[in-house]
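Based on what follows, work out the 3D shape:
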Amino acid sequence: MEMLVLLGAVGGLLLLGVLVAMAFRRVVSANEVHIIQSARKTTSYGKDTESGNVYYEWPSSLPIFGVTKIVLPVSVFDLDLSEYEAYDLGRVPFVVDIKSFFRISNTNLAAQRVENFAELKNQLLAIVQGAVRTILAKSDIEEIMETRSKFGQMFTDEVGGQLEHWGVAAVKNIELMDIRDGDGDEVIHNIMQKKKSQIEMESRLEVAENLKLAQIKEISAKQEVDVESQRSAELVGLRTVEAQKKVELANQEAAQTVKEQQRVTKEKEMAVLKVQDVKTAEISKEVQIVNANQARETRVIVAQGELDSAKLSAEAQLELKRKESEGISLEGAARADAKQKMEVASVSAQIELAKEIGENEGYQKYLVTIRQVEATEAIGVKQAEALTAADIKVISNSSSAGNGIQDVSDMFSSKGGQQLGAMLQGLANTPLGKSALDMAGIKEESLHTSPVKKKSELNGSSKLNGSSNLV
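Residues are numbered from 1 along each chain as shown. Predicted coordinates:
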C-alpha cells in the first residue's frame with residue numbers, strides 16, 4: 001500500500017515537472033536569435049545556431065537554473081541619420097541625411113555589449129554620427145557636393161573597425177542621401193547659384209562660339225555656292241547655245257525628212273485608193289451574184305416548206321379526226337359499262353339489304369319501332385294543330401297534364417266518338433239532359449239513327465257559344 005502511494009506521488013511530481021517545463025519552453029522564430037546567459041555560459045538559440053532553436057527560459061530568480069535573455073534580430077536592419085548638422089573644412093554648416101544597413105554577425109559578442117536591441121541601435125547610431133562628422137570635417141563643401149558617392153565608402157571604412165567590437169557588420173556602403181542648408185543658412189543655395197551662373201556663362205560662351213563658327217561656315221558656304229552658280233551658269237549658257245544650234249539643224253533635217261515622207265505617203269495613198277476601187281467593184285459583183293443565188297435558193301426552200309407544211313397539216317387533221325372518233329367510241333362504251341355496273345351495284349345492294357333484314361329479327365323490330373314512332377309523331381303533330389285551331393277549354397282531373405291531354409286526344413278518336421255518343425244518349429234519357437240537348441239543337445231521334453256521327457257533324461254540333469267545357 002505504501003509502495004502504491006509512493007509511486008503515485010512520484011508520478012504526480014513527474015507530471016507536474018512536465019507541465020512546468022512546457023510552461024517555460026520557448027521556440028525561437030526564424031528571424032531572431034535568443035542569447036541565453038546562465039550561471040556558467042552564454043548560448044545562442046536560433047535557426048542556424050549549433051544549439052538549435054528550442055530552450056527553456058527558467059526564471060532568473062531560480063538558483064543554478066535561472067537564466068537571462070537578450071533577443072536580437074538576425075535579419076538586416078537599417079539606421080537613418082536624418083537632418084544631421086555637420087561642418088566642412090572651413091566650418092561651413094550644412095545638414096545631411098545618412099542611411100546605413102547592418103546585420104549582427106556575432107550574437108554572443110553583441111549580447112555582451114548591450115542589454116537589448118534598442119541599446120545596440122543607439123550605439124551604432126552614435127558610431128555612424130562620429131564617422132560622418134570626422135570625414136566631412138576634412139573636406140570642402142563643394143567637394144562633398146560634387147563627389148558625394150566616394151564619401152559612402154569612406155564612412156563604411158571609418159566605422160568598420162568599430163563595428164567588429166560590437167559583433168555587427170555593414171551589409172553595404174553607408175549612403176549620403178542628401179546634403180542641404182540648415183534653417184537660416186544659404187550656403188548650399190549660394191553654391192548652387194554660383195554653379196548655375198557658371199554653367200549658364202559657359203553655355204552662353206559656347207553658344208556664342210558656336211554661332212560665330214556657324215556664321216563663318218555660312219559665309220564660306222555662300223561664297224562657294226556663288227562661285228559654283230557662276231560656273232554653272234557659264235556652262236549652262238555654252239551648252240544652251242550648242243543645244244540650240246543642234247536643235248535648229250535637227251529641225252531642218254526633220255522638216256526635209258517629213259516632206260519626203262509626205263511624198264512617199266501620198267503615192268502610197270493613191271495606190272491604196274486604186275486597189276480599194278478595184279476590190280470594191282469585184283466585191284460588189286460577187287455580192288450581187290451571191291444575192292441572186294440566195295434569192296433563188298430561198299424561193300425553192302419556201303415552196304418546199306409550204307408543200308411540207310400542207311402535207312403535215314392534212315395528216316394532222318386526219319389523225320385528229322381519227323383520234324376524236326376513237327375517243328367518242330371509248331367514251332360511249334365507258335359510260336354504258338359504268339351505268340350497267342351502277343345498276344347492278346344498286347340491285348345487289350338492295351338484295352343484300354333485304355337478305356340481311358329478313359335474317360335479322362332484331363333489326364326488323366328496330367325498323368317497326370322506328371316507323372311506329374314516326375307515325376305517333378305525325379299523329380301528335382296533327383292533333384296539336386287541330387287543338388290549336390279549336391277554341392277548347394280543357395279541365396282535367398287526371399293525375400298529370402299529359403294524361404289530361406291524352407284524354408282530350410281520345411275524344412277525337414273512334415273510341416272517343418263512341419263514348420261521346422253514349423254520353424249524349426244517357427243525357428237524352430234524363431229530363432235535364434233532354435232539355436240541354438234541345439237547347440243545343442240535337443234531336444233525340446238523331447241519337448238513335450246513328451251511333452256515331454261524322455266528324456264534321458260532331459264538331460259542328462258540339463260547339464257551344466264558341467267554347468266547350470269537357471270534364
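
Please parse this structure into its domains.
Each domain of the chain is listed here as a residue range: 20-74, 76-185, 390-470, per automatic domain parsing.

With respect to burial, which of those domains scores highest?
Relative to the other members of these, domain 76-185 carries the highest mean neighbour count by mean count of other Cβ atoms under 10 Å, namely a mean of 16. Where C-beta positions appear, they are placed from N, C-alpha and C, glycine not excepted.

Would you map the helices across the chain?
For the chain, applying DSSP state H gives helices covering 2-24, 107-113, 117-136, 141-146, 148-164, 187-359, 361-389, 401-411, 414-428, 431-440, 444-449, 455-461.

Including mean pLDDT and distance to residue 85, could the ones you listed go into CSV?
Putting those into CSV (pLDDT from 0 to 100; distance: least, Cβ to Cβ, whole Å) gives the following:
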stretch, mean pLDDT, distance to residue 85
helix 2-24, 70, 49
helix 107-113, 81, 28
helix 117-136, 89, 9
helix 141-146, 81, 13
helix 148-164, 86, 16
helix 187-359, 80, 12
helix 361-389, 70, 138
helix 401-411, 59, 138
helix 414-428, 70, 155
helix 431-440, 72, 164
helix 444-449, 60, 170
helix 455-461, 41, 157
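
Compute the distance between residue 340 and residue 334, please.
With distances defined as Cβ to Cβ, to the nearest Å, the gap from residue 340 to residue 334 amounts to 11 Å.

Pretty sure residue 79 sits against residue 128.
Yes - proximity of residue 79 to residue 128 meets the contact threshold set by Cβ atoms under 8 Å, at 6.3 Å.

Tell me the residues that contact both of these two, please.
Among the neighbours of residue 79, those also in contact with residue 128 (Cβ atoms under 8 Å, 6 or more residues apart in numbering) are residue 100.

show me the contacts for the closest residue to residue 134 other than its chain neighbours.
The spatial neighbour of residue 134 that comes closest, neighbours along the chain excluded (Cβ to Cβ, 6 or more residues apart in numbering), is residue 158 at 6.6 Å. Applying Cβ under 8 Å, 6+ apart, one finds that residue 158 lies in contact with 131, 134-135.

got JSON lines for the domains of the chain, with distance to residue 211 too?
Shown next, in JSON lines, are the domains of the chain (distance: least, Cβ to Cβ, whole Å):
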{"stretch": "domain 20-74", "distance to residue 211": "63"}
{"stretch": "domain 76-185", "distance to residue 211": "30"}
{"stretch": "domain 390-470", "distance to residue 211": "143"}
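
Identify whichever of those domains lies nearest to residue 213.
Each of these was scored for nearness to residue 213 using Cβ to Cβ, and the closest is domain 76-185 (30.4 Å).

Now find how far off-centre the closest one is within its chain.
Centroid displacement of domain 76-185 relative to its chain, using Cα atoms, centre = their mean, to the nearest Å, is 65 Å.

Over to stretch 73-88?
Relative to its parent chain, stretch 73-88 has a centroid offset of 61 Å by Cα atoms, centre = their mean.

Extract the C-alpha set from that stretch and format it as CSV.
Output in CSV follows, covering the C-alpha atoms of stretch 73-88 (Å, rounded to 0.1, in the frame of the first residue of the first chain):
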residue,chain,number,x,y,z
PRO,A,73,17.4,40.1,-35.0
VAL,A,74,19.3,38.0,-37.5
SER,A,75,17.8,39.9,-40.5
VAL,A,76,19.2,43.1,-42.0
PHE,A,77,18.2,46.3,-40.2
ASP,A,78,18.7,49.9,-41.2
LEU,A,79,19.7,53.1,-39.4
ASP,A,80,18.7,56.5,-40.5
LEU,A,81,20.7,59.6,-39.6
SER,A,82,18.2,62.3,-40.6
GLU,A,83,18.9,66.1,-40.7
TYR,A,84,22.3,65.7,-39.0
GLU,A,85,24.1,69.1,-38.7
ALA,A,86,27.7,68.9,-39.9
TYR,A,87,30.6,71.2,-40.9
ASP,A,88,33.1,71.2,-43.7
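
Got the confidence number for the residue nearest to residue 168 when sequence neighbours are not counted?
What sits nearest to residue 168 in space, not counting adjacent residues and going by Cβ to Cβ, 6+ apart, is residue 102, at 5.2 Å. Model confidence at residue 102, expressed as pLDDT, equals 91.

All good on my end, thank you.
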